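Visitor: I would like to see how this sequence folds:
(2 chains)
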There are 2 protein chains.
Amino acid sequence: MAPTMEDQQMMRGQYRVVVIGSGNWGSVAAKLIASNTIKQPIFYDEVWMWVYEETLHTGEKLSEVINQTNENVKYLPGIKLGNNVIADPDLENAVKEANMLVFVTPHQFVAGICKRLVGKIRPGTEAISLIKGMEVKMEGPFMISKLITDMLGINCCVLMGANIANEIAVEKFSEATVGYRQDKEVAQRWARLFSTPYFLVSIVQDVEGVELCGTLKNVVAIAAGLVDGLDMGNNTKAAIMRIGLREMRAFSKLLFSSVRDSTFFESCGVADLITTCLGGRNRKVSEAFARSGGKRSFDELEAELLQGQKLQGVSTAKEVYEVLSHRGWQGLFPLFTTVHEICIGQLPPSAIVEYSEHTPNFSLVEGSALYY
Amino acid sequence: MAPTMEDQQMMRGQYRVVVIGSGNWGSVAAKLIASNTIKQPIFYDEVWMWVYEETLHTGEKLSEVINQTNENVKYLPGIKLGNNVIADPDLENAVKEANMLVFVTPHQFVAGICKRLVGKIRPGTEAISLIKGMEVKMEGPFMISKLITDMLGINCCVLMGANIANEIAVEKFSEATVGYRQDKEVAQRWARLFSTPYFLVSIVQDVEGVELCGTLKNVVAIAAGLVDGLDMGNNTKAAIMRIGLREMRAFSKLLFSSVRDSTFFESCGVADLITTCLGGRNRKVSEAFARSGGKRSFDELEAELLQGQKLQGVSTAKEVYEVLSHRGWQGLFPLFTTVHEICIGQLPPSAIVEYSEHTPNFSLVEGSALYY
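Guide: Just a heads-up that it's a prediction; the model follows:
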């Protein structure tokens, strides 16, 4: 039933949003959100954006320049965020009035931020995490959404997808997936907050599946980069991506029985995998690694090629490998296993598509109940 | 239970294979098969290959040169097929002893070939079709496997996948999917016949799903090529490929309730889609079409870019469109619909990712029961 005029009056400005983080993706998220809050009455027009304060080479403060120019001159230059975006370097102040928290920082900062927010959150607050690359510990994945829920005592959805920030910033068509645990209405509100005509957001009741996609795809991207560096062609690359998707799905389902197959057909699944395996920094460094015949290390190539950005696929491959060996599952995941063994120099790059005695026997688990 | 020595003796050479067709993919198929028949006792060593006879510019007959050199000098030069491949220009003679027929000709020749084979097939013969690009008539798809079954009264499986013939010819790693209707044992036998360490074949009980993948992906490749020609980037391309995969799945399931979701995770689904949208002739011509702003026709570009090879995506898009409009389903398939309307010049190439009044509303059917 559509809300009555009176309902609408009551709901007006009910939801106040803060974006926690102001890097490249955080700035694009703020732009998407601000374009909606100003149009949809249930949202309060202004969007706060917490800025980890930096002094620019001009001597100015980043947050002040954002508020003066309406641009994040450092992380998203040339793009207007919307006049209703307010940069704030004071975390506690930024979240004070908010009841919708959007987490979009590097993952290693989340715990510290949550610690500072304990006891400072309004009742009924909801959170969403846009952070890809949670850690996979030996006992299982350490979900960012769960960390936020546990530390702050609030519900937390996730938003993942084929989302290259700079492409969305210039309003090129793309999609994303919101994963939620229980409350569909909350998920729909998040979708309303992010959706624009060029950014389509769908919702699925599968937090873990969506969040794991965002991490595990980086391991597959390493494999895809190796195939590129070996000049194996599109056929082999497609096969490796497909096997990677299958292992992502099987790994997620083994760890969380609630994970759904259909999630892997969403933007967070197949589409993000494609984007990451076509472009993406993991693919790029891995290609260079294969071209060097495995002689140069990932660390060295990362430093040379990524200008300070970090590579997640190699460390995720290691973490996944630890889970697999801890549980005796290596045989079930030949691609994940082989990627790690190549990264640490135990196997040559060509092992990703070799069929020798130490081969990844990709056919091993074909048809196993695990996958159907 | 493993067959006893006595069983093996009885089964020895029991299955005789003929490859009907000797183009690029047919020659590679013969090579794969011949490498197995010579090793596996249940298959008769020699593999017949029916050659549509041609006189080469040297004046020699193609079939004779294949038998002398063990190479298909015209369609797969430089690759040895195996000494146990026997080229035969006489169709009736080639199939005479066979009980495993491998169809791998252009699709427009199948009916004519079957007509010639009526009454000339051994009892208990099985067939498989490697032919992609069946027609989609207004009343539904006209499956090649069904045509073979109907005309010859024999069971027919299909084999599809991310299979660029020239890459498989040089033994680069790839995969394929066999779709079967009822008899799993027959499907397993086909998988044994084709599988090599570098060519992994899985089987799924879903003939229609597998066969439709091989056709519908070409429509998605047209969309992907448009995105390339518009320089929209990997994000948009991944989104369009994902939406295309979703429409392939939904269309197949609406036409055949037996079609399974899991089929689209197989090589014939997501992997073939990726290969076709990365390389492939449909993508290539469509990119050129978008770069011309839709001013040059597909026919003209096809003639210029493909040196006589034919483009299937445009005609398939038209056929699919006829099914959709006949059944009133256009609204459910915005991508398929838009591709056709762009191909015929009714919409500009940019419509594939536009969000205007005549937009493909890709979000329209998100979450509909159709897709889950």
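
Visitor: Go through the longest strand seen in chain A and flag the buried ones.
Guide: Longest strand of chain A, by residue count under DSSP state E: strand A:43-50. Judged by neighbour count (16 or more other Cβ atoms under 10 Å in any protein chain shown), strand A:43-50 contains these buried residues: A:43-44, A:46-50. (Glycine included, C-beta is placed from N, CA and C.)

Visitor: Export those as CSV, with columns for distance to residue A:96 and pLDDT.
Guide: Shown next, in CSV, are the buried residues of strand A:43-50 (distance: Cβ to Cβ, whole Å; pLDDT from 0 to 100):
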residue, distance to residue A:96, pLDDT
A:43, 17, 97
A:44, 13, 96
A:46, 12, 97
A:47, 14, 98
A:48, 9, 98
A:49, 14, 98
A:50, 11, 98
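
Visitor: now the longest strand of chain A: how far from the chain's centre is it?
Guide: Centroid separation for strand A:43-50 versus its chain: 22 Å, with Cα atoms, centre = their mean, to the nearest Å.

Visitor: what pairs with it, and is each one parallel or antiparallel?
Guide: strand A:15-20 (parallel), strand A:85-88 (parallel) (DSSP bridges).

Visitor: what's the closest of these to residue B:78?
Guide: Nearest to residue B:78, of all these, is strand A:15-20, at 58.1 Å by Cβ to Cβ.

Visitor: Tell me the helix or strand right after the closest one.
Guide: From strand A:15-20 onward toward the C-terminus, using DSSP states H and E, the following helix or strand is helix A:24-37.

Visitor: That following helix - contacts with which helices or strands?
Guide: Helices and strands touching helix A:24-37, by 3 or more Cβ pairs under 8 Å, 6 or more residues apart in numbering or on different chains; DSSP states H and E, are strand A:15-20, strand A:43-50, strand A:85-88, helix A:165-169, helix A:184-194.

Visitor: got the angle for the first one vs helix A:24-37?
Guide: To tie it back to what came earlier, the one meant is strand A:15-20. On the basis of axes from the mean of the first three to the mean of the last three Cα atoms, to 10 degrees, strand A:15-20 is oriented at 170 degrees to helix A:24-37.

Visitor: what do you get for the second one?
Guide: For the pair strand A:43-50 and helix A:24-37, the angle between their directions (the same axes, to 10 degrees) equals 160 degrees.

Visitor: Give me the residues contacting strand A:43-50.
Guide: Here strand A:43-50 makes contact (Cβ atoms under 8 Å, 6 or more residues apart in numbering or on different chains) with A:13-22, A:26-27, A:30, A:33-34, A:36-38, A:66, A:81-82, A:84-91, A:94-95, A:97-98, A:193.

Visitor: same thing but at 7 Å, please
Guide: The contact list for strand A:43-50, computed with Cβ atoms under 7 Å, 6 or more residues apart in numbering or on different chains, reads A:13, A:15-22, A:30, A:33-34, A:36-38, A:84-88, A:91, A:94, A:98, A:193.

Visitor: Report the buried members of those residues.
Guide: In these, the ones that pass as buried (16+ other Cβ under 10 Å) are A:15-22, A:30, A:33-34, A:36-37, A:84-88, A:91, A:94, A:98, A:193.
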